[in-house]
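*Asks:* Next one to model:
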Amino acid sequence: MNVRDVMTVDLPSVASSDSVAEVARRLLNRHLPALPVIDQGKLTGIVLSNDLVARHARLHVPFYLGLLGASIPFQSRREDQEIRHALAVTAGDLMRKEFRHLGPDASVEDAADILVDDNVAAVLVVEDGNVLGMVTEEDMLRLLLVEEADESSATK
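*Replies:* Numbers count the residues shown, from 1 in each chain. Reported below is the predicted structural model:
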């Protein structure tokens, strides 16, 4: 089965200049775990609801190593991301610019791999730079129920 068969379609989007509050409003209005960020008709990023939640998480202080009288900061990618989330004002501040997406003919197994491997709740479905939809964890759960029902009726 292909992702086009299970994806959520007719997605709202946000612009990178939209406020974090507007992003939250659109996520809540449609009960979505993510939104594409579209600027001038071009996909520029994705904002996950988890990125908004992270704004309220505790910040981890960077670790400093003293070496020959100098302090050398060891700041991980996680700490950089935490600081970015805490200071975010717009979707552009918060969005992920690097993310994996799929074409509409990709398998649902490919979508599941990205959801699990990247620890995200949604993966965008994109063709020729246009967002066609999004496969969410909820879409995958619906598919599971359909498959279970099909198997159950086949054994009767």
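
*Asks:* did I read that right, G133 in a strand?
*Replies:* Yes: looking at G133 with DSSP: H, G, I helix; E, B strand; the rest coil, it is inside a strand.

*Asks:* That one and V6 touch, don't they?
*Replies:* No: counting by CB atoms under 8 Å, G133 does not reach V6; the two are 9.1 Å apart. C-beta: built from backbone N, CA, C; applies to glycine.

*Asks:* These two: which is more packed in?
*Replies:* Under the neighbour definition other CB atoms under 10 Å, G133 and V6 were set side by side, and G133 has more, 22 against 18.

*Asks:* Name whatever forms a beta bridge with the more buried one.
*Replies:* Beta bridges link G133 to V125 when assigned by DSSP bridges.

*Asks:* how about it, what does it touch?
*Replies:* G133 sits next to 3-4, 7-11, 104, 124-125 when contact means CB atoms under 8 Å, 6 or more residues apart in numbering.

*Asks:* can you check D18 too?
*Replies:* Neighbour list for D18: 90-91 [criterion: CB under 8 Å, 6+ apart].

*Asks:* Would you mark the buried spots in stretch 33-41?
*Replies:* For stretch 33-41, a neighbour-count test (16 or more other CB atoms under 10 Å) marks 33-38 as buried.
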